[in-house]
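[1] give the three-dimensional model of this entry:
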Amino acid sequence: MIADDYPEMVKAVSRVLAKDCDVVGTVADGSALLDAAERLQPDVILLDLSLPNANGLEICRQIARAHPQIRVIVFTALGDPDLDQRSFEFGASAFVSKMGDKGDLLSTIKRLSIDRG
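    Below you'll find the model as predicted:
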């Protein structure tokens, strides 16, 4: 599942993942994400921390508590140097910069899917 309010980013990420992953849903705000996570139970959620109607880290914490089987990848362009560590403290399984290599995202998703078993 992809949680991002920027439609072009959702399209681009969906294209990158299309060959190797099934994108079971997309959402553009925090409240929709909580509902969709409950309903769809995805293996992995790509979470942009800058969603409307939500504190991204708090949404991450809520998902991690309510659905510990769902792996949350914080996927953001925010430049805070401590954000990766804070994301893990809020329950994220991984942190990937939107500015990084596309292969990093795919390999992270594959690794988390394998770890989930």
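
[2] all contacts plus neighbour counts: C-alpha atoms, from now on.
    Noted.

[3] and residue 105, what pLDDT?
    You'll see residue 105 listed with a pLDDT of 89.

[4] other residues contacting the strand or helix carrying it?
    Following DSSP states H and E, one finds residue 105 within helix 102-116. Residues from elsewhere that reach helix 102-116, judged by CA atoms under 8 Å, 6 or more residues apart in numbering: 16, 17, 43, 44, 69, 71, 93, 94, 96.

[5] make sure the fourth one is actually in contact with residue 1.
    Yes. In this structure, residue 44 sits in contact with residue 1. The criterion is CA atoms under 8 Å, and the distance is 6.3 Å.

[6] which of the contacts of helix 102-116 has the most neighbours?
    residue 71 (24 neighbours; other CA atoms under 10 Å).

[7] ok, and the closest non-adjacent residue to that residue?
    In space, and not counting its chain neighbours, residue 71 is closest to residue 44: 4.7 Å by CA to CA, 6 or more residues apart in numbering.

[8] ok, now which ones touch the one you found?
    Residue 44 sits next to 1, 70, 71, 72, 73, 109, 112, 113 when contact means CA under 8 Å, 6+ apart.

[9] which residue packs closest to the second one, ignoring adjacent ones?
    For residue 70, ignoring the flanking residues on the chain, the nearest one in space by CA to CA, 6+ apart is residue 43 at 5.1 Å.

[10] for the one you found, report the pLDDT, please.
    For residue 43, the pLDDT comes out at 94.
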